[in-house]
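**Q** What shape does this take:
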Amino acid sequence: MLFSSIVFLFVFFPVVFLVYYALSFSRLMQNIWLFITSLLFYAWGEPVYVLLMLASILVNWGAGLLVDRYRDAPGKKKAALAAACVLNLGALGVFKYAGFLVRNINSGFPEPLLPNIELALPIGISFFTFQALSYVIDVYRQDTPVEKNPFYVGLYVSFFPQLIAGPIVRYNSVAEQIRTRKFTWDKLTIGCTRFVVGLGKKILISNNVAILADQIFTWSEMGVNHYDVPVAMAWLGVIAYTLQIYFDFSGYSDMAIGLGLMFGFKFEENFNYPYAATSVLDFWRRWHISLTSWFREYVYFPLGGSRVENKDTMVRNLFIVWLLTGIWHGAEWTFVFWGMWHFVFQMAERFFGYGRDGRHTVLMRIYTLLVVMLGWVMFRTKDLYQANSYFQNLFGLSGNSFWNDMTGFLLREYWVYLLLGILFSFPIAQKCNTLLSAPRITAVGKVMTVLYPAAMMGVFLLCVAYLVRGGYNPFIYFNF
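**A** Sure, this is the predicted structure:
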């Protein structure tokens with residue numbers, strides 16, 4: 001089920017919300033209600049794989065108990081953790097990567113050596129697997145107390161606002177909230193506003209620039225013999241996809257954080273205007289913060305991080321992290337190369353000190369944005385052949401022209417969405433929000449106080465109008 005759907009907005013969420021607050025007399029009943037409805041939310045699109053999620057909950061709850069039980073027996077404690085890692089990553093590997101591995105093995109032989117494997121990818125499996133595994137690791141490290149109530153672990157893993165595409169939440173950040181969270185009108189109003197902002201990002205900007213990006217990338221796949229994608233059009237496609245993926249994913253995160261607040265939960269931020277970054281390192285402090293933190297805490301630091309005597313070891317550690325980051329995003333070589341692309345530029349910045357002195361801010365932002373945009377080409381294209389074709393179109397290496405009439409037509413059709421996307425990719429959006437929502441005692445301030453909720457209601461109604469009309473809607477990160 002999509003947040004940006006009529007069924008969710010006018011059926012599922014209102015029912016869940018009203019019953020939830022009708023159960024305010026019992027926190028346990030509220031938690032059970034949220035757990036049951038979260039399973040229903042997932043089962044709406046994945047009726048069979050909800051069993052996989054239940055298995056994940058039970059396995060990780062049981063692993064946490066075993067790790068805690070053997071906390072004074074290091075060997076058994078490590079064995080319990082190792083078993084949890086094997087089961088979690090094994091399930092992820094089977095569903096997400098088995099077909100990819102078989103295809104690559106068979107490509108090395110004249111005749112297929114292994115039968116093809118075609119398994120439907122459970123939605124959000126990478127997210128809930130990493131979240132569940134982080135709980136067991138934190139119990140092992142004694143960073144969080146073991147949870148003996150399986151419903152609480154189940155709610156933590158399956159809670160529908162952040163189930164499908166994050167943010168990835170650590171158990172120690174919500175353990176107390178599960179038991180003792182409090183309702184406040186501030187949480188409710190801020191949550192509603194945050195949800196509407198995320199919905200607007202998704203429906204009004206991401207979905208519209210997605211049409212442009214999909215069309216241009218499709219034309220590029222057809223090849224220059226069938227359709228000439230000029231240089232300017234190729235760059236237009238990259239810009240459109242750059243905006244699409246940001247507003248799609250940050251929009252989902254905003255909606256997840258907003259929904260969490262409406263139920264009394266406070267989740268950490270997942271985006272901080274990444275396209276305003278002044279280096280690739282800075283970009284990854286701002287983009288998908290929860291995933292970056294996960295790899296830092298559970299992979300990079302255990303390997304030794306950057307505080308090692310030998311720089312070769314630091315390079316190895318970063319290489320492993322970015323190899324795994326690429327693989328996490330998808331079972332295709334384009335994702336591996338995308339991870340290596342970011343690894344190379346991060347290493348260059350570490351060794352040559354790009355962006356450390358705070359000088360040449362404008363140039364550093366342009367450099368960072370170009371690196372990120374070119375990386376998105378690999379992320380968006382379906383294989384390395386298509387990525388190479390698109391790069392040739394970008395730099396005029398396929399015999400393509402620089403401009404054609406269709407490029408001008410597309411600009412005229414989509415310039416409003418592109419302009420809004422570019423403007424709201426930078427902190428101007430935050431400043432506008434502060435300007436509109438800041439409390440004032442003057443007459444103008446009182447008017448603004450009325451206009452702000454009216455503006456949010458206008459955004460919501462406009463989004464509903466777009467939904468009723470139909471069109472492009474799925475979230476990109478549902479694939480991961």
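**Q** Report whether the expected contact of Leu9 with Leu461 is present.
**A** No - using Cβ atoms under 8 Å, Leu9 is not in contact with Leu461; the gap is 11.3 Å. No exception for glycine: its C-beta is placed from N, CA and C like everyone else's.
**Q** Could you check which of those two is surrounded by more residues?
**A** Leu9 (18 against 10; other Cβ atoms under 10 Å).
**Q** quick one: contacts for the more buried one?
**A** Going by Cβ atoms under 8 Å, 6 or more residues apart in numbering, Leu9 touches 3, 464, 467.
**Q** Name the nearest of those relative to Leu65.
**A** Among the contacts of Leu9, Phe3 lies closest to Leu65 (Cβ to Cβ), at 33.6 Å.
**Q** number of nearby residues for the closest one?
**A** Based on other Cβ under 10 Å, the number of other residues close to Phe3 is 25.
**Q** Tell me the secondary structure at it.
**A** Three-state assignment for Phe3 (DSSP: H, G, I helix; E, B strand; the rest coil): coil.
**Q** Arg71 now?
**A** Secondary structure, three-state DSSP: Arg71 is coil.
**Q** List the single closest residue to it in space, sequence neighbours excluded.
**A** For Arg71, ignoring the flanking residues on the chain, the nearest one in space by Cβ to Cβ, 6 or more residues apart in numbering is Lys77 at 6.0 Å.
**Q** where's that neighbour, which helix or strand?
**A** Lys77 is part of helix 74-106 when elements are defined by DSSP states H and E.
**Q** Check Gly458 too.
**A** helix 443-469.
**Q** for Tyr20, same thing?
**A** helix 13-22.
**Q** if we can go back for a sec, which neighbouring elements make contact with the helix holding Lys77?
**A** helix 50-69, helix 125-141 (3 or more Cβ pairs under 8 Å, 6 or more residues apart in numbering; DSSP states H and E).
**Q** JSON lines for the ones you listed, including distance to Thr313?
**A** Supplementary listing: these in JSON lines, determined by distance: least, Cβ to Cβ, whole Å:
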{"stretch": "helix 50-69", "distance to Thr313": "28"}
{"stretch": "helix 125-141", "distance to Thr313": "22"}
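**Q** Can you tell me which of these is packed in deepest?
**A** helix 125-141 (a mean of 23; mean count of other Cβ atoms under 10 Å).
**Q** and Pro115, which of the three is it?
**A** Applying three-state DSSP: Pro115 is coil.
**Q** quick one: pLDDT of it?
**A** For Pro115, the pLDDT comes out at 83.
**Q** Pull up the gap between it and Val102, please.
**A** Separation of Pro115 from Val102 (Cβ to Cβ, to the nearest Å): 8 Å.
**Q** Show me which of those two is the more surrounded one.
**A** Applying other Cβ under 10 Å to Pro115 and Val102 shows that Val102 carries more neighbours, namely 17 against 8.
**Q** what's the neighbour count on Tyr273?
**A** By other Cβ under 10 Å, 17 other residues sit near Tyr273.
**Q** measure the nearest residue to it once chain neighbours are set aside to Val197 for me?
**A** Residue nearest to Tyr273 in three dimensions, not counting chain neighbours: Pro427, with 5.3 Å by Cβ to Cβ, 6+ apart. As judged by Cβ to Cβ, Pro427 and Val197 stand 14 Å apart.
**Q** what about those two, which has more around it?
**A** Val197 (21 against 13).
**Q** how near is the more buried one to Phe426?
**A** Computed as Cβ to Cβ, the Val197 to Phe426 distance reads 15 Å.
**Q** picking up where we left off before, report all helices and strands that the helix holding Gly458 contacts.
**A** Counting by 3+ Cβ pairs under 8 Å, 6+ apart, helix 443-469 packs on helix 6-7, helix 185-200, helix 428-437.
**Q** Just to check, Tyr252 is in contact with Ala165?
**A** Yes - the pair Tyr252 / Ala165 is scored as a contact, 5.0 Å apart, by Cβ under 8 Å.
**Q** Have a look at the two and say which one is more surrounded.
**A** Tyr252 (29 against 25).
**Q** For Val157, see how far away the more buried one is.
**A** Taking Cβ to Cβ, one finds Tyr252 at 18 Å from Val157.
**Q** Where does the prediction get shaky in the stretch 251-400 of the chain?
**A** Across the stretch 251-400 of the chain, the ranges flagged by pLDDT under 70 are 355, 357-358.
**Q** quick one, helices of it?
**A** Along the stretch 251-400 of the chain, the stretches classed as helices by DSSP state H, counting those that start in this stretch are 280-286, 289-295, 301-303, 311-329, 333-352, 361-380, 384-394.
**Q** Show me what the first one is packed up against.
**A** Secondary-structure packing of helix 280-286 (3+ Cβ pairs under 8 Å, 6+ apart): helix 333-352, helix 361-380.
**Q** possible to save the helices and strands packed on helix 74-106 as a markdown table with distance to Thr361 and mean pLDDT?
**A** Formatted as a markdown table, the helices and strands packed on helix 74-106 follow (distance: least, Cβ to Cβ, whole Å; pLDDT from 0 to 100):
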| stretch | distance to Thr361 | mean pLDDT |
| --- | --- | --- |
| helix 50-69 | 44 | 93 |
| helix 125-141 | 34 | 92 |
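**Q** Which among those helices is found nearest to Phe402?
**A** The minimum distance between Phe402 and the helices and strands packed on helix 74-106 falls on helix 125-141, with 39.8 Å, by Cβ to Cβ.
**Q** and that closest one, what other elements does it pack with?
**A** Judged by 3+ Cβ pairs under 8 Å, 6+ apart, the packing partners of helix 125-141 are helix 50-69, helix 74-106, helix 150-158, helix 171-180, helix 289-295.
**Q** let's see 6 Å
**A** Where contact means 3 or more Cβ pairs under 6 Å, 6 or more residues apart in numbering; DSSP states H and E, helix 125-141 is packed against helix 50-69, helix 74-106.
**Q** Just put those helices in TSV and tack on distance to Gly421.
**A** Below are these laid out as TSV (distance: least, Cβ to Cβ, whole Å):
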stretch	distance to Gly421
helix 50-69	34
helix 74-106	30
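**Q** Lowest average confidence across the helices and strands packed on helix 443-469, which one?
**A** helix 428-437 (a mean of 65).
**Q** quick one: the closest residue to Gly223 other than its chain neighbours from Leu410, how far?
**A** Excluding the flanking residues, the one nearest Gly223 by Cβ to Cβ, 6+ apart is Ser389, at 6.8 Å. Per Cβ to Cβ, Ser389 is found 19 Å from Leu410.
**Q** about what we covered before: would you format the contacts of Leu9 as JSON lines with distance to Tyr300 included?
**A** Converted to JSON lines, those look like this (distance: Cβ to Cβ, whole Å):
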{"residue": "Phe3", "distance to Tyr300": "32"}
{"residue": "Val464", "distance to Tyr300": "43"}
{"residue": "Leu467", "distance to Tyr300": "41"}
